[in-house]
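[1] Structure here, sequence nowhere to be found:
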C-alpha cells in the first residue's frame, strides 16, 4: 500500500491509555514457534480481498519468500495502520509480530514502548545501510537506537502540465526552481485563456496546511520546533510571509490562479487531467492517479523538485516489530523485511510483474521506490528503471535530480490539528483580496501554541 496520493489524512496514534498493558503477539506460542519447528511470524499489511491485484502480488511474495526461507512461517493478516483501533488491538493481544506504520507513528510508539529495539540485530543485515539515512531517522530515538525499517516514502515536488508549458512558450524540460519562477510560469500559462489556470492550491480538509507545510520546508523553515519537552509553533517567519505574499500576488495581482479557491487536492487532479491546470505541489503517486482516474497521460505530466529546494515534506511507511517478540522472531522479521522491501536482487522480477499487469514502471514509487542512498544500489535500480520503463522517465528527471540532496522533513506533531489551523491562513490569502498575512499568521501561531499547551 503506497502513501495516499493527495491526502495523508491519518491522525496520530491515540494517547497511551494502555501503556501498562502487556504486549502480546498473535503468534502460536510465547517463543513464536510453529508446530513444525519453524519460526512463526505474524505480519499485517495483507491487502483485502476486494483488491485482487495487490493481493495476488502479496501472496506471490509470501510464497517466494517461504520457498527461499523454509525455516520461517509467514502468517499474514489483513490491514495496515488504523489509529482508531490500534490501542484496542494491543489491549486485546492482537498486535502482530511485524506491524505497518506511517512515518508519523514511530516517535510515539517508541516512547510508549510498543516496538522492539532492533539496533543490535542490524549488523546481520547490511542491506539496510543502503536506505537513505534520513528515512532511518524516522525510526530512531534520541540516542539513535533503531526501532523499525522504512520501506517506502514520498516527498513533495512540483507537478506540471508539459503541454501547457509548451503552449505558453516555456521549456517543459526546465521547470521552475524558485517560487518567483513559479509565479512567472503561472502568469504565462494563465495567459493562454480558455479557463486555463496557471497554479493551483488545495485549501480544504487540512490540505491547505499540509501544502503550506511543504512550502515552508522548501524555504528552509519549520512548522514546529521542540523546546525541551514542549513543542511550539515555528512558522511565523519572514520567509513564510514572503511565500504567502507570492501566493497572494498570483491570486490577486496576476489573476493566474482562477476564482475558485476552496478546493480539495482531488479537484486539482481533475483539473490537471482535463488540461486546465499548469502546476501544483504534489507527491509522485498523483501521476498514475491522474492517468487512471482523470484522463491524464504520462506523456503530458512532469514532476520537478519543490521550488527553492531547501527542504521538502516527506511521508511514507515502514514496519516495526512487537516489543514482545522473541530474538528469533526479530531475526525472522528482519529477514522478511529485507527480502521483501530492501532487496535489489528482486527488483527486476518485480518490474516484470508490474509490466505484465500493465502497471507503471519508471516513477519514483514501487516497484522502484526512491528509498536508496547514493551508491551502487541506487545506480543499479535507476538503470533497471530506465531499461524497463513503460512511462517517460525523463518527465520526472527534474524531481529525481534533487531527490537525495533536498533535506526531507516529516510532519509536525499533531499534524492534522496544525494543518486545520493553517488552512485558515491559506484560505484567507486566497479568498480575501486585502488579507492581512501577518495577522493571519499571528492568529495561527497563537492557536497552535495553545494546542501544544505553550501559549
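    Right, received. Where do you want to start? These numbers come from a predicted model, not from an experiment. Numbering: from 1, shown residues only.

[2] On the pLDDT front, check residue 123 for me.
    Residue 123 carries a pLDDT value of 96.

[3] what residue ranges in this protein score low on pLDDT?
    Applying pLDDT under 70 to the chain picks out residues 1-35, 83, 455.

[4] in it, which residue is closest to the centre?
    By CA atoms, centre = their mean, the chain has its centre lying nearest to residue 315, at 2.8 Å.

[5] Tell me which helix or strand that one sits in.
    strand 312-321 (DSSP states H and E).

[6] Helices along the stretch 101-250 of the chain, start to end?
    106-112, 133-137, 162-167, 179-190, 207-218, 238-248 (DSSP state H, counting those that start in this stretch).

[7] same thing with the stretch 251-400 of the chain?
    265-273, 286-294, 327-341, 347-356, 376-388, 397-401.

[8] which one of the ones you listed is the most hemmed in?
    Of the helices of the stretch 251-400 of the chain, the one with the most neighbours on average (mean count of other CB atoms under 10 Å) is helix 265-273, at a mean of 23. From N, CA and C alone the C-beta is placed, and that goes for glycine too.

[9] now for it, which elements pack on it?
    strand 277-282, helix 286-294 (3 or more CB pairs under 8 Å, 6 or more residues apart in numbering; DSSP states H and E).

[10] Distance from that helix to the middle of the chain?
    Counting by CA atoms, centre = their mean, to the nearest Å, helix 265-273 is centred 19 Å from the centre of its parent chain.

[11] Determine the angle, from 0 to 180 degrees, between it and helix 207-218.
    70 degrees (axes from the mean of the first three to the mean of the last three CA atoms, to 10 degrees).

[12] could you say what helices and strands the strand holding residue 315 packs with?
    Checking 3+ CB pairs under 8 Å, 6+ apart, strand 312-321 ends up next to strand 98-102, helix 106-112, helix 133-137, strand 148-155, helix 207-218, helix 327-341, strand 408-409.

[13] Dump these to CSV, plus distance to residue 352.
    Below are the helices and strands packed on strand 312-321 laid out as CSV (distance: least, CB to CB, whole Å):
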stretch, distance to residue 352
strand 98-102, 26
helix 106-112, 33
helix 133-137, 26
strand 148-155, 20
helix 207-218, 34
helix 327-341, 17
strand 408-409, 30
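
[14] Figure out which of the ones you listed is closest to residue 46.
    Nearest to residue 46 among the helices and strands packed on strand 312-321 is strand 98-102 (9.9 Å), distances taken as CB to CB.

[15] Can you tell me what sits against that closest one?
    Here strand 98-102 makes contact (CB atoms under 8 Å, 6 or more residues apart in numbering) with 1, 3, 8, 10, 41-45, 79-81, 109, 148, 315-322, 333, 336-337.

[16] Would you mind listing which of those are buried?
    1, 3, 8, 10, 41-45, 79, 81, 109, 148, 315-322, 333, 336-337 (16 or more other CB atoms under 10 Å).

[17] What strands flank the strand holding residue 315, and is each parallel or antiparallel?
    strand 98-102 (antiparallel), strand 148-155 (antiparallel), strand 408-409 (parallel) (DSSP bridges).

[18] Span of stretch 131-148 from start to end?
    End-to-end span of stretch 131-148 (CA to CA, to the nearest Å): 12 Å.

[19] That stretch: how far from the chain's middle?
    16 Å.
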